[in-house]
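> The following block contains a protein sequence and its predicted model.
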Amino acid sequence: MTITKLSHLTSHLAVCAFVLSAAACGGSSAGPDAGSSDAGPIDRRSPDDLDGDEWPNAADNCPMVANPEQRDRDRDGIGDPCDSCSATPNGGKNGMLGQDACSNVAEVEPNDATGQMLALAPVGGALAVRGTIEPGHGSDKFAVPLGARSLVHVRVARAGVTSLLEPELIVTGGTYATDRRADGLFVAERDIYVSTAGTYQIEIRDRRSEGEIGGELFGYELALTASEFVPDGLTFPVADRRLRLDPRGKVGVYEIDIGAADRTRVTVKSPISIDTPAGIDPIVVVEGPDGTVIAENDDFVAGKKDARYFGPIPVGRARVIVDHARIIGESDLEVLLTIDQPPENFEVEPNDTPELASPLVFPGESRGQIDPPIEMQPDVDVWAFEAMAGTVAGFRGLVAANSQVDPHIALGRFENGTFVPMYANNDSSGISARIDAILPVTGTYHVIMTDNRNNLPMMVPRGGTLFPYTIFTDPLGLQPAGELATSGEITGVLNPGGALVRWIATASVGPTLLELETTEVGVVDDLLPYIRVYGPAARGVLAEGVRSTLAILPNPGAYPLAIHNSVDGKGGLSFSFTIAGRLTPLVEAADAEPNDMTAQRVTGLPAGLIGRIDPERDVDLYAFDLAMNEGIEALVGRASPGMTLTLTRAGAAAPVAEGAAAIRAYRSPSAAEHTLAIAGNGPGAYAIAIKRR
């Protein structure tokens, strides 16, 4: 209750006390304007009570129309029977609109599908619409044309004492990416700021129901009031400036001069959490100097009520609008606003998802910090960079001597929201975690930096100002340690941690089957050599696996190989390995469609089957002859999704062998034609080698 209303009530009580003996405050059980006697009706009106409702003129909120209960729905000091807009405050005091400034419009049905068009009153006036939510319709809609950079106050209240509506309003349209909402037990109201001119829709409904509630007991009054305002000025930079969006439903509009930079950050933080369950669900809108909407953001971190824009803003006087999707609860409506331009090589928090990843300087130097845990969740820093296929680079997570970080660094790509690591390392010489990497495709890669102790079970997460780090990225050459031109051995030492041993496999003909298998490792237990075979110039991965793999090299040429330790990149002088490599020329059998009904003939073994499972043809068939007691192996070098191999023999009642990754050790009991069927769950490429045993 405001001081004005409080003083009015005090005055009203004083008058009531003074005239109590005359029953001027309605103590009788009879109606206020009627009585009876033997002589007929009694007229209680007098010069001091012109409407005869037993409220003296000086204290009567409606002196010319009887209002014995002094009903004032909108608490503007004007009684409902006298109020030009009885559910819209327009008492004319303390900056309030006057009685002549509010005009009424009737609801026109139907307006639950297509909104009823309304014309906004000029600044200084209000438009009020009386309506009723009909049974089964769920809501009423109104369309309002609004100009660019305009501010409108929207208010929905119960239309009278008989209304049971608990109002909710929803505003959509224009450039809004998120609905603007408000609700309440008796009144729902808020400011609406629009950046772009257009027609906006206001939907009114009962907050308790999706459509079951409605009827004559659900009347409302919608009031629209245009505001003339001057944006508040801010001085750049702004660091966690505390803003109180008061009165309830206020939208903050600010102007600020911003200099040239590719990285401008605008962040709005709300205190809403488990411990503080009330506040606002913020939206941040950024307008360029010319009024163009650069961005609108709501809830950029899942599960938190925050909003952020991060990117370029044209030089000049920009606008930042601190808006909200809705207000939650009844407590303080404070938020924290930050507007700054972080250095090019510094992380920008939060950056714990691929969508929020900080740009990694590549090549170059990037700085970050493991921040304190939030609700016992450790900080994870995600960095993103772009690379060309075939790039060879080194990544070092280096910490200063006085830093508490135990660095763990991982490099990979996100696929369907899941991080798929290619390399990881937390073991090193000294205080760095190093990764050497070959990046096989052009696109976005991610580096994830954490504190290794935070990754251990039953450890209390840690972080803070004592946990800074630097990521250095350096271009490297392929620098092969040797060449595998004929069958032989590949040897190497993974030292220091994160080292990547590179070799070249040379195919003299195509296709050639390359088989790689670890035969010996060093004295340490935590060494699992991971092998990748790349296409020419290290573009694309032909095959990969722990300890062993096989690939079909489709053409003559040089194919890079890379070996690293899959156990967190650990390394040292004892981390040595030996891998046996075998190169077998194959007879090429390229997929020749259609071969799903009649098998394609393979003219010689060993053969390399190179093809693709098509969406309409989910089976490829290849036929070849085997002599009595002759055996074969079918080895998969590259597989389509869910690929299976099935081997049948002419005259046999059932398949003689089948498998997913290979068919091994089959031997034919008689001379016969055999057919290999290749099937998959979806379209995809395959490479399969068939060789005699």
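Cool, the structure landed.
> Quick one: the helices in this protein, in order.
3-18 (DSSP state H).
> mind giving me the domain ranges of it?
1-70, 100-227, 232-340, 361-417+424-475, 483-585, 588-692 (automatic domain parsing).
> Dump the ones you listed to a markdown table, plus distance to residue 354 and mean pLDDT.
C-beta here means a position set from N, CA and C on the backbone, and glycine is covered the same way. Output for these, formatted as a markdown table (distance: least, C-beta to C-beta, whole Å; pLDDT from 0 to 100):
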| stretch | distance to residue 354 | mean pLDDT |
| --- | --- | --- |
| domain 1-70 | 50 | 55 |
| domain 100-227 | 20 | 90 |
| domain 232-340 | 12 | 89 |
| domain 361-417+424-475 | 4 | 91 |
| domain 483-585 | 21 | 93 |
| domain 588-692 | 23 | 90 |
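> Just give the number of residues close to the nearest residue to residue 662 once chain neighbours are set aside.
Spatial nearest neighbour of residue 662, excluding adjacent residues (C-beta to C-beta, 6 or more residues apart in numbering): residue 635 at 5.1 Å. Residue 635 has 20 neighbours, counted by other C-beta atoms under 10 Å.
> Next, work out how far apart residue 635 and residue 514 are.
11 Å (C-beta to C-beta, to the nearest Å).
> and for those two, which residues touch both?
residue 550 (C-beta atoms under 8 Å, 6 or more residues apart in numbering).
> follow-up on the earlier one: closest one to residue 347 among the domains of the chain?
domain 361-417+424-475 (3.8 Å; C-beta to C-beta).
> Do I have it right that the residue nearest to residue 662 meets residue 513?
Yes - using C-beta atoms under 8 Å, residue 635 makes contact with residue 513 at a distance of 7.3 Å.
> Identify the contacts common to the two.
Shared contacts of residue 635 and residue 513, defined by C-beta under 8 Å, 6+ apart, comprise 550, 689, 691.
> Now do the contacts for the first one.
Residues in contact with residue 550 (C-beta under 8 Å, 6+ apart) are 513, 514, 515, 516, 543, 635, 637, 689.
> Quick check: bridge partners of it?
residue 515 (DSSP bridges).
> just residue 589 next, same as before
Bridge pairing for residue 589 - DSSP bridges - gives residue 609.
> cool, residue 584 as well?
Applying DSSP bridges, one finds that residue 584 bridges with residue 513.
> ok, it to residue 606 distance?
Residue 584 is 6 Å from residue 606, by C-beta to C-beta.
> okay, which residue is most central for the chain?
residue 300 (5.6 Å; C-alpha atoms, centre = their mean).
> how about the closest residue to that residue other than its chain neighbours, what does it touch?
Distances taken as C-beta to C-beta, 6+ apart place residue 308 nearest to residue 300, at 4.6 Å, with adjacent residues excluded. Neighbour list for residue 308: 265, 266, 267, 268, 284, 297, 300 [criterion: C-beta under 8 Å, 6+ apart].
> about what we covered before: let me have the contacts of residue 550 in a markdown table, adding distance to residue 596 as columns.
Output for the contacts of residue 550, formatted as a markdown table (distance: C-beta to C-beta, whole Å):
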| residue | distance to residue 596 |
| --- | --- |
| 513 | 25 |
| 514 | 29 |
| 515 | 29 |
| 516 | 33 |
| 543 | 26 |
| 635 | 22 |
| 637 | 22 |
| 689 | 21 |
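> Just flag the most distant two among those residues.
516 and 689 (13.3 Å).
> residues near residue 348, how many?
For residue 348, the neighbour count with other C-beta under 10 Å is 18.
> Also residue 314?
Residues within reach of residue 314, counting by other C-beta under 10 Å, total 13.
> which residue packs closest to it, ignoring adjacent ones?
Nearest one to residue 314, counting by C-beta to C-beta, 6+ apart, is residue 288 at 4.9 Å.
> Run the chain-centre distance for stretch 278-298.
Computed by C-alpha atoms, centre = their mean, to the nearest Å, the separation of stretch 278-298 from the middle of its chain amounts to 16 Å.
> So which bits of it are buried?
279-288, 293-298 (16 or more other C-beta atoms under 10 Å).
> Mind picking the two most distant members of the residues you listed?
279 and 288 (28.9 Å).
> Okay, buried residues for stretch 553-563 please.
In stretch 553-563, counting by 16+ other C-beta under 10 Å, buried: 553, 554, 557, 559, 560, 561, 562, 563.
> would you turn the residues you listed into a markdown table with distance to residue 463?
Output for those, formatted as a markdown table (distance: C-beta to C-beta, whole Å):
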| residue | distance to residue 463 |
| --- | --- |
| 553 | 47 |
| 554 | 49 |
| 557 | 49 |
| 559 | 43 |
| 560 | 39 |
| 561 | 39 |
| 562 | 33 |
| 563 | 34 |
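> Among those residues, give me the pair with the biggest separation.
554 and 563 (22.1 Å).
> Now residue 543. Nearest residue, chain neighbours left out?
residue 551 (3.6 Å).
> residues touching the one you found, list them.
513, 514, 533, 542, 543, 559, 637, 638, 687.
> between the residues you listed, which is nearest residue 85?
residue 638 (73.9 Å).
> pretty sure the closest one is in contact with residue 680, am I right?
No - the criterion here is C-beta under 8 Å, and residue 638 misses it with residue 680 at 11.8 Å.
> got any residues that touch both of these two?
In contact with both residue 638 and residue 680: residue 686, using C-beta under 8 Å, 6+ apart.
> Just the contacts of residue 308: which are in strands?
265, 266, 267, 268, 284, 297 (DSSP state E).
> Those residues into JSON lines, with extra columns for distance to residue 178?
Below are the ones in strands among the contacts of residue 308 laid out as JSON lines (distance: C-beta to C-beta, whole Å):
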{"residue": "265", "distance to residue 178": "20"}
{"residue": "266", "distance to residue 178": "16"}
{"residue": "267", "distance to residue 178": "17"}
{"residue": "268", "distance to residue 178": "13"}
{"residue": "284", "distance to residue 178": "11"}
{"residue": "297", "distance to residue 178": "9"}
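> which one of the residues you listed is nearest residue 427?
Looking at the ones in strands among the contacts of residue 308 and their distance to residue 427, the nearest is residue 265, at 34.8 Å (C-beta to C-beta).
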